[in-house]
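Enquirer: Model the structure of this input:
(one chain, ligands or ions: 2)
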Amino acid sequence: MESDPPFQEKYKSLFGSVMEQMTTTEKSARERLLGLPAKLGLFQVVNHGISGEILARMKCEQQKLFWQPFQKKVKEKFLDTSTDYYHWGNPNATSLMQFSWSEAFHIPLNHVQMWKEYNSTLSTTVAEFAEMVSELAQKIAEILAENFLGYKSNYFARNCQPSSCYLRMSRYPPCPISSDSICGLVPHTDSDFLTILYQDQVGGLQMLKDGKWVGIKPNPQALIINVGDLFQAWSNGAYKSIEHRVVTNHEVERFSVGYFLCPSSDTFIQCCGEPALYRKFSFREYRQQVQEDVKSTGNKVGLPRFLM
Ligand SMILES: O=C(O)CCC(=O)C(=O)O
Ligand SMILES: [Fe+2]
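Expert: Ligands and ions are numbered 1, 2, ... in the order given. This next block holds a predicted model:
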């Protein structure tokens, strides 16, 4: 299909490159964290208040967007002229283990007010969806925080304005290669406080539980809540940012949309509790470190870099 990125070419160029190993520092940090008593890090919610109608409209807009010619997706700005961007595969991949058979639009939500005025069904639908999901994300963050602290906290309302959050719309085209050798989305944790994800009925999302990959069964009524790295640090490891991935599908394309609850760049993330597992860091510093690692090695290291 001419809307598909050149996955096959990229796949061939990466095929045969050396398989990389996890570094020893990463390994030992992971082992240390595995011993922690953790609260649930990935779960589904129903009765969330986001109507089936808006979810269906989002999917429809997503299909229209992704089914456009590849070159148009690369070149054109669909929502505004500066910040949203399209990407596919993984531009920094040097081996197949780092390559994702998917494409995505990354949409920062700092212009939602402006989109409401635009005369396109894409911008108005995205704006409407973003507003509803922002509210839900705040509520869930508050509940998780209160559950952990034992009292209410306004930390999330203060630091995570909708304008510092973003959406990611993803499409996973059918993949002719065996799912043993390629992922739809490579294993990762999310670099935010929490993610709200809506997946279609195709399936393929998996989480790592006790060392095994477990599928998250699609449920049209449910949204998936995924605790991110920042919540893990803030809760001093009580909530766990779960590693997850998407496996490929031979026949059918898959769509998902995620809302990423993020603080402003200057927000400091400090462990609540003693002894602190991680040193205090700003979200800017965290993001920069993640980007630097991904750029130089193709892999995200994430929280282990900030261990005390
Ligand atoms: O598409 C999915 O189900 C997962 C997407 C995801 O994990 C992400 O965008 O970070
Ligand atoms: Fe994710």
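Enquirer: Break down the stretch 51-200 of the chain into its strands, ranges please.
Expert: 85-88, 103-108, 166-172, 183-188, 194-199 (DSSP state E, counting those that start in this stretch).
Enquirer: export those to a markdown table and tack on mean neighbour count, mean pLDDT and distance to V290?
Expert: All C-beta spots, glycine's among them, are computed from the backbone N, C-alpha and C. Converted to a markdown table, the strands of the stretch 51-200 of the chain look like this (neighbours: other CB atoms under 10 Å; pLDDT from 0 to 100; distance: least, CB to CB, whole Å):
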| stretch | mean neighbour count | mean pLDDT | distance to V290 |
| --- | --- | --- | --- |
| strand 85-88 | 17 | 92 | 15 |
| strand 103-108 | 20 | 94 | 14 |
| strand 166-172 | 22 | 97 | 14 |
| strand 183-188 | 20 | 96 | 10 |
| strand 194-199 | 23 | 98 | 15 |
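Enquirer: Report the residue spans of this protein with pLDDT below the cut-off.
Expert: Within the chain, the stretches with pLDDT under 70 are 1, 16-39, 81-83.
Enquirer: Can you name the residues of it that neighbour ligand 1?
Expert: R168, S170, L185, D190, L197, Q199, L205, H244, V246, S256, G258 (CB under 6 Å from any ligand atom).
Enquirer: and the first one, what are its bridge partners?
Expert: According to DSSP bridges, H106, G258 are recorded as the beta-bridge partners of R168.
Enquirer: for the third one, same thing?
Expert: Per DSSP bridges, the residues bridged to L185 are V246.
Enquirer: quick revisit: from the residues of the chain next to ligand 1, which is closest to L136?
Expert: Nearest to L136 among the residues of the chain next to ligand 1: L197, at 11.9 Å, using CB to CB.
Enquirer: can I assume that closest one is in contact with A222?
Expert: No - the criterion here is CB atoms under 8 Å, and L197 misses it with A222 at 9.9 Å.
Enquirer: give me the residue from the protein nearest ligand 1.
Expert: S256 (3.3 Å; CB to the nearest ligand atom).
Enquirer: Could you tell me how many residues sit around that residue?
Expert: Look at S256: counted by other CB atoms under 10 Å, it has 25 neighbours.
Enquirer: If you compare the directions of the host helix or strand of it and strand 194-199, what angle comes out?
Expert: In the assignment (DSSP states H and E), S256 maps to strand 254-261. Interaxial angle, strand 254-261 versus strand 194-199 (axes from the mean of the first three to the mean of the last three CA atoms, to 10 degrees): 160 degrees.
Enquirer: Centre-most residue in the chain?
Expert: D190 (5.0 Å; CA atoms, centre = their mean).
Enquirer: Leaving out the residues flanking it, which one is nearest to that residue?
Expert: Leaving aside its chain neighbours, D190 sits nearest to G228 (4.0 Å; criterion: CB to CB, 6 or more residues apart in numbering).
Enquirer: Could you pull up the residues touching the one you found?
Expert: T189, D190, S191, D192, F193, L194, T195, S241, F260, L261 (CB atoms under 8 Å, 6 or more residues apart in numbering).
Enquirer: can you check F306 too?
Expert: F306 neighbours (CB under 8 Å, 6+ apart): A233, Y278, R279, F281, Y286, Q289.
Enquirer: is it true that the second one touches L303?
Expert: It refers to Y278. Yes - using CB under 8 Å, Y278 is in contact with L303, at 6.5 Å.
Enquirer: just to revisit the earlier point, need the contact partners of the strand holding S256.
Expert: Outside strand 254-261, the residues that reach it (CB under 8 Å, 6+ apart) are 58-59, 62-63, 66, 129-130, 133-134, 137-138, 141, 156, 160, 165-172, 184, 190, 192-200, 202-205, 228, 246.
Enquirer: by contact count, what packs against the helix or strand following that strand?
Expert: Later in the chain than strand 254-261, the nearest helix or strand by DSSP H and E is strand 268-269. With contacts taken as 3 or more CB pairs under 8 Å, 6 or more residues apart in numbering; DSSP states H and E, strand 268-269 sits against helix 229-234, strand 281-282.
Enquirer: quick one, helices of the stretch 51-200 of the chain?
Expert: 52-66, 70-75, 112-117, 121-149, 155-159 (DSSP state H, counting those that start in this stretch).
Enquirer: Is K10 in a helix, a strand, or coil?
Expert: helix (DSSP: H, G, I helix; E, B strand; the rest coil).
Enquirer: buried residues in the strand holding S256?
Expert: R254, F255, S256, V257, G258, Y259, F260, L261 (16 or more other CB atoms under 10 Å).
Enquirer: these two touch, right, Y239 and Q232?
Expert: Yes - Y239 is within contact range of Q232, at 5.7 Å (criterion: CB under 8 Å).
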